[in-house]
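Enquirer: Prediction below, plus the sequence it came from.
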Protein chains: 2
Amino acid sequence: MKNVSVSKDDRIPPRERIIGVARELFYRHGIRAVGVEAVAEAAGTNKMTLYRHFASKDQLVAEYLRCLAADADGLWAKLESQFPGDARAQLSAWVKEMAKHVANSEERGCALANAAVEIPEKHHPARQVIEEFKCAQRGRLMQLCRASKLSDPELLADELFLLLEGARVTAQSMGAESPGARFVRMAGVMIASHGT
Amino acid sequence: MKNVSVSKDDRIPPRERIIGVARELFYRHGIRAVGVEAVAEAAGTNKMTLYRHFASKDQLVAEYLRCLAADADGLWAKLESQFPGDARAQLSAWVKEMAKHVANSEERGCALANAAVEIPEKHHPARQVIEEFKCAQRGRLMQLCRASKLSDPELLADELFLLLEGARVTAQSMGAESPGARFVRMAGVMIASHGT
C-alpha cells in the first residue's frame, strides 16, 4: 500500500480525490485487498467523509468501475475520428490499441474482468456495471466487424473478444511468457481468415 | 460463507480436511474473501492446528493451487488412455472437456487464473505454482497440436489457449451471455483453419 501517488490536493473536491485514489489502489492491489480506511487516508480525508459520498464500499467499487468503463468507451470515438468511415482501419487500430494494453507490464489486465473474479456475489452493485460494460464492448466490436464487410462478422468479433480477454488475464498468470505477446499476430490471422 | 458442505469427519486427518475446505471456500468466494479462521472452523479444527500444517495463509493458498494443478494434470493422461496414439481425437476431446467447464454455471473459471488476479504480489508463493501450471498446460496443448499434424501448431495451441482463458474469465464477467458459449464452435473453426 506504499508509494501512493494520488494527489491529496485539497483544491480537488473530496469525492474526486476518493475516486482517484480508489482507481489507483483497487486496480493495483485488488478490490478486496484495499479497505475504505486506506482509500480515505490516501485521499487526505476520512471514512466519515467517504461514507457521505458513497453509501458503502460496494457503491464505491461500482462507481470506480463506472469511471473506468466511461474512459474505455472513449476509445470508440477516438477510432472513429482517426479513421472516419473506414471500419477496417478502425478494426486494425483497435487491435493495436489493445495490444498496447496487453504488452504493458505495468497493467494488471482489465479492471472490470478482474472485479468479476473478485466479486462472485450476484447482487453486488458492481456486477451490473461489469456485465453492461462487457456486453457493450462486445456489441461495438461486432458492429465494427460487420461494417468491415468481413465474413461471419459475429463469429470474428467473438473470437477477437475472447482472444483479448484471454491475453489480458494470461498476462497476469504467465507474465512476459504469456502467449498474449502474440496477440497482434493472432488477431491478424483471425481477421484475414474472415476476409472476403 | 454459509452452506459449507465440507466434511468435518474426524477420521480424515486435519491437514486434508483443511485443504478440502480451502478448495471449496477459496474457489467459491475468492482467496482474499476467506480468512484462515473461517477455513479452520469449517474444517472442524482451529487456527493453531492450521498453522502447524501451513506456515502461513500464503502457504495454504499455494498448496490449494498445487492440489488443483495436480488434478488438472490428470486430464492429459485420461485423454491419452481414451484415444491412445490419436492426437487429433485427443485434441477434440480436450475441446469438449474444456467446453464443459466453460458451460458449467456452478464454476467460477480457472482457480489458478483467478488467483493470479487476486495476488499481484510477485513473491507470493502461489505465483510460482500458477506460472508453472499455465506454462505446462500451454506446453501440453502445443505438444498435442504438433502431434495432430496441423499446420502452424504453436500458433494454433496459443489461439486455443487464449480462447479458453478468455471464455473462462468472460463466463464470470458476462454470465450466460458470454461469447464463451460458442467455445466449441470457435475452437472447431480454429482447428479446421490449421488443417493440412
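Expert: Noted; the coordinates are in hand. Numbering: from 1, shown residues only, chains lettered A, B, ... in the order given.
Enquirer: Confirm for me that residue A:26 is in contact with residue A:34.
Expert: Yes - with contact defined as CB atoms under 8 Å, residue A:26 reaches residue A:34; the gap is 5.7 Å. In short, each C-beta sits where N, CA and C put it, glycine included.
Enquirer: what do the two both touch?
Expert: Shared contacts of residue A:26 and residue A:34, defined by CB atoms under 8 Å, 6 or more residues apart in numbering or on different chains, are absent.
Enquirer: Tell me where chain A has helices.
Expert: A:14-29, A:36-42, A:47-53, A:57-82, A:87-103, A:111-118, A:125-147, A:153-174, A:183-193 (DSSP state H).
Enquirer: Counting by contacts, list what the longest one packs against.
Expert: With contacts defined as 3 or more CB pairs under 8 Å, 6 or more residues apart in numbering or on different chains; DSSP states H and E, helix A:57-82 has these neighbours: helix A:14-29, helix A:36-42, helix A:87-103, helix A:111-118, helix A:125-147.
Enquirer: Please tell me how far that helix is from the chain's geometric centre.
Expert: 7 Å (CA atoms, centre = their mean, to the nearest Å).
Enquirer: Could I get the buried residue list for it?
Expert: For helix A:57-82, the neighbour count (16 or more other CB atoms under 10 Å in any protein chain shown) marks A:57-58, A:60-69, A:72, A:76, A:79 as buried.
Enquirer: And the average pLDDT for it is what?
Expert: Mean pLDDT, computed over helix A:57-82, is 97.
Enquirer: what inclination does that helix have with respect to helix A:14-29?
Expert: 90 degrees (axes from the mean of the first three to the mean of the last three CA atoms, to 10 degrees).
Enquirer: do the same with the last one
Expert: Angle between the axes of helix A:183-193 and helix A:14-29 is 90 degrees (criterion: the same axes, to 10 degrees).
Enquirer: Would you mark the buried spots in helix A:183-193?
Expert: A:183-184, A:186-187, A:189-191, A:193.
Enquirer: among the residues you listed, which are within reach of chain B?
Expert: A:183, A:186, A:189-190, A:193 (CB under 8 Å from any CB of the partner chain).
Enquirer: Spatially central, which residue of chain A would that be?
Expert: residue A:110 (4.1 Å; CA atoms, centre = their mean).
Enquirer: Now for that residue: which residues touch it?
Expert: A:101, A:165, A:168.
Enquirer: Run the chain-centre distance for stretch A:54-64.
Expert: Chain-centre distance of stretch A:54-64: 17 Å, with CA atoms, centre = their mean.
Enquirer: One more: stretch A:32-49?
Expert: The answer for stretch A:32-49 is 23 Å, by CA atoms, centre = their mean.
Enquirer: Quick check: mean pLDDT of it?
Expert: Stretch A:32-49 comes out at a mean pLDDT of 97.
Enquirer: Look at that stretch and report the distance between its end residues.
Expert: 21 Å (CA to CA, to the nearest Å).
Enquirer: and the residue nearest to the centre of chain A, what pLDDT?
Expert: Reading off the model, residue A:110 has pLDDT 97.
Enquirer: before we move on, what about the one 10 residues further on?
Expert: The confidence metric pLDDT takes the value 95 at residue A:120.
Enquirer: My understanding was that it contacts residue B:108; is that so?
Expert: Yes - contact criterion CB under 8 Å: residue A:120 and residue B:108 qualify, at 5.9 Å.
Enquirer: Now do the shared contacts for those two.
Expert: Joint contacts of residue A:120 and residue B:108 (CB under 8 Å, 6+ apart) are B:28, B:172.
Enquirer: So if I had to pick from these two, which one is more boxed in?
Expert: Per other CB atoms under 10 Å in any protein chain shown, whichever of residue A:120 and residue B:108 has more neighbours is residue B:108, with 19 against 16.
Enquirer: how close does the more buried one get to chain A?
Expert: Using CB to the nearest CB, to the nearest Å, one gets 6 Å for the distance from residue B:108 to chain A.
Enquirer: Find out how far stretch A:121-137 is from the centre of the chain, if you would.
Expert: Its chain's average C-alpha position is 12 Å from that of stretch A:121-137, according to CA atoms, centre = their mean.
Enquirer: Okay, buried residues for it please.
Expert: So stretch A:121-137, judged by 16+ other CB under 10 Å, has buried residues A:124-127, A:129-131, A:133-134, A:137.
Enquirer: sorry, back to before: which ones, among the contacts of residue A:110, also lie beside chain B?
Expert: residue A:165.
Enquirer: Residue A:103: neighbour count?
Expert: Neighbours around residue A:103, by other CB under 10 Å: 16.
Enquirer: Which pLDDT does the model give it?
Expert: pLDDT, read off for residue A:103, is 94.
Enquirer: Apart from its chain neighbours, what residue comes closest to it?
Expert: Leaving out its chain neighbours, the residue that sits closest to residue A:103 by CB to CB, 6 or more residues apart in numbering or on different chains is residue A:181, at 7.1 Å.
Enquirer: swap in residue A:19?
Expert: The nearest residue in space to residue A:19 (CB to CB, 6+ apart) is residue A:67, at 6.1 Å.
Enquirer: So that neighbour sits against residue A:26, correct?
Expert: No - between residue A:67 and residue A:26 there is no contact under CB under 8 Å: 10.7 Å.
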